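Colleague: Following is a predicted model, sequence given first.
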Amino acid sequence: MIPAPFDYAAPATLAEAFSLLEQHGDEAKILAGGHSLIPMMKLRFASPEFLVDINNIPGLSHIKEENGYLKIGALTRETELDESEVIRSKYPIFTDASKLIADPQVRNMGTVGGNIAHGDAANDHPAVMLALRAEVDISSSEGTRSVPIDEFFYGFYMTAVQPHEILTEIRIPIPNGKTGNAYHKLERKVGDYATAGVAVQITIDDAGVCTYIGIGLTNVNPVPLRAVRSEEVLLGQKVTDELIKEAAKYASEDCNPSEDLRGDEAYKRSMVNVLVKRIIHKALERAHA
Amino acid sequence: MKKQITVTVNGEQHTVEVETRTLLVHTIREQLRLTGTHIGCDTSSCGACTVLLDGKSIKSCTVLSIQADGKEISTVEGLAKDGLHPLQEGFKENHGLHCGFCTPGMLMRAVELLEKNPNPTEEEIRWGISGNLCRCTGYNNIVKAIQYAGAKMRGEETPSTEPEFV
């Protein structure tokens, strides 16, 4: 399978990349890791006329804590995330997720920014970013704007990133206090999309009262879903098994999974119910640790 | 749309003309005539096309040749230097291959795996080769082959090679 013909440039600066994107409009696509885009081009689901390869642009790949945020450059590879000391020690949710994203070779190419900017509810980082209340930096020749992750996903393969713009950085507020986070997806085999996936971050105070809760769901809704009603059940309350059960039930009701080879709707709702409970418990364990 | 690229393959520099849409695996096999790199699924699932790009294992069916411009590529043909590479020896000694189709990809993936983690556990090896499919051996002997190579590369005594036939 070979993609349809296209023209290609690998600019060395963001300014050049913006200029190319402005010139080619929605006929252009950005090539980062390419492991969503190239398969689609090989299958001819996508036939962009122009590829803007951003891999030669410096400054888009980093993982650092700064000014109260964990900052992840959009071009950071999944492998780099997986091998980062700060991630391993303080943000285990990413280690949970990256192990389950595709496979080692794909993770050597695939980028965190691309995983989000592709706008696919089956990808794993969107749910994680929803749980962590990330902010996304989107840049163009006009400057950089910051979009909360809740306002980032518009629809199937559609995000806040416009054709003349590039997602440049993801920022995650560094959590305070007793915080734990975790992610798991049920998958049939390595490299599969999630049957259902759940990301949770929770903060509790010394009395066991939940002061922060974020719950994101993977591949059980047309767009990545934040389980708002589930969060409301727990926020400000002392966390009990009963409340966790209620939160899980709400998540299973509020998602909108479609039947496919991975299972029918009822099965997927049931898996959301199970996973939300398990992942809240796991996040709580980590918060106490 | 044609472009000229320069790549260093197994230490040797080549300049070739490629279409922008040419996949790296096709350049390696058809233009550089290095047919040890295989095309299996052609959908970045099976890992038969795995090569090293600047030292990192990647699936060359899902990378454009132009993306490799200026980079170094290692393929299975470059593994044996003075005799077999420890991984090749490990696969030979442990019956780590049967039909051999997945083997070049397994070897190249294992090169990076052992470089990053010279003494992996069995579980780490299984996760490490989770992007490579073998339809013959059931993986047990491949895991042993990688353990054998790891021991040899660490300068330790290699484990006994009693293959499992499953």
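Modeller: Alright, I've got the coordinates.

Colleague: Can you get me a residue count around whichever residue of chain A sits closest to chain B?
Modeller: Nearest residue of chain A to chain B (CB to the nearest CB) works out as A:D103 at 2.7 Å. Glycine gets a C-beta too; all of them are placed from N, C-alpha and C. By the criterion of other CB atoms under 10 Å in any protein chain shown, A:D103 has 24 neighbours.

Colleague: likewise A:V233?
Modeller: Neighbour number of A:V233 under other CB under 10 Å is 22.

Colleague: Where does the prediction get shaky in the chain?
Modeller: Assuming you mean chain A. Scanning chain A for pLDDT under 70 picks out nothing.

Colleague: not quite, I wanted chain B
Modeller: Applying pLDDT under 70 to chain B flags the ranges B:162-166.

Colleague: got the residues of it near chain A?
Modeller: Listed as neighbours of chain A in chain B under the rule CB under 8 Å from any CB of the partner chain: B:1, B:3, B:19-23, B:26, B:42-45, B:47, B:50, B:56-59, B:62-64, B:66-67, B:69, B:109, B:112-113, B:127-131.

Colleague: Make a PyMOL selection of the buried ones in the residues you listed.
Modeller: To isolate the buried ones among the residues of chain B next to chain A in PyMOL, judged by 16 or more other CB atoms under 10 Å in any protein chain shown, type:
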select buried, chain B and resi 3+19+20+21+22+23+26+42+44+45+47+50+56+57+58+59+62+63+64+66+67+69+109+112+113+127+128+129+130+131
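
Colleague: picking up where we left off before, in contact with the residue of chain A closest to chain B, which residues?
Modeller: A:190-191, B:47, B:130-131 (CB atoms under 8 Å, 6 or more residues apart in numbering or on different chains).

Colleague: Nearest spatial neighbour of the closest residue to chain A within chain B, chain-adjacent residues omitted?
Modeller: Nearest residue of chain B to chain A: B:G131, at 2.7 Å (CB to the nearest CB). Using CB to CB, 6 or more residues apart in numbering or on different chains and skipping residues adjacent in sequence, the residue nearest B:G131 is A:D103, 2.7 Å away.

Colleague: Would you list the phi and psi of that neighbour?
Modeller: Recorded main-chain torsions at A:D103 are phi -150, psi 170, according to degrees, to the nearest 10.

Colleague: again with A:H184
Modeller: According to degrees, to the nearest 10, A:H184 has phi -150, psi 140.

Colleague: and the gap between it and B:Q88?
Modeller: With the distance defined as CB to CB, to the nearest Å, A:H184 ends up 37 Å from B:Q88.

Colleague: which SS class is the spatially most central residue of chain B?
Modeller: Residue closest to the average C-alpha location in chain B (CA atoms, centre = their mean): B:M108, at 2.0 Å. Secondary structure state of B:M108, per DSSP: H, G, I helix; E, B strand; the rest coil, is helix.

Colleague: Nearest residue to residue 10 in space, please, no chain neighbours.
Modeller: Using chain A here. A:D53 (3.9 Å).

Colleague: Wait, chain B was what I had in mind.
Modeller: Distance criterion CB to CB, 6+ apart; nearest residue to B:N10, sequence neighbours excluded, is B:G78 at 3.0 Å.

Colleague: Chain neighbours aside, what residue packs nearest to B:H26?
Modeller: B:S65 (7.4 Å).

Colleague: Got phi/psi on that neighbour?
Modeller: Here is the backbone geometry of B:S65 (degrees, to the nearest 10): phi -60, psi -40.

Colleague: Kindly report the same for A:G25.
Modeller: According to degrees, to the nearest 10, A:G25 has phi 60, psi -140.

Colleague: what's the answer for A:E66, then?
Modeller: phi -160, psi 130.

Colleague: hang on, A:T203 is in a strand, isn't it?
Modeller: Yes - applying three-state DSSP, one finds A:T203 inside a strand.
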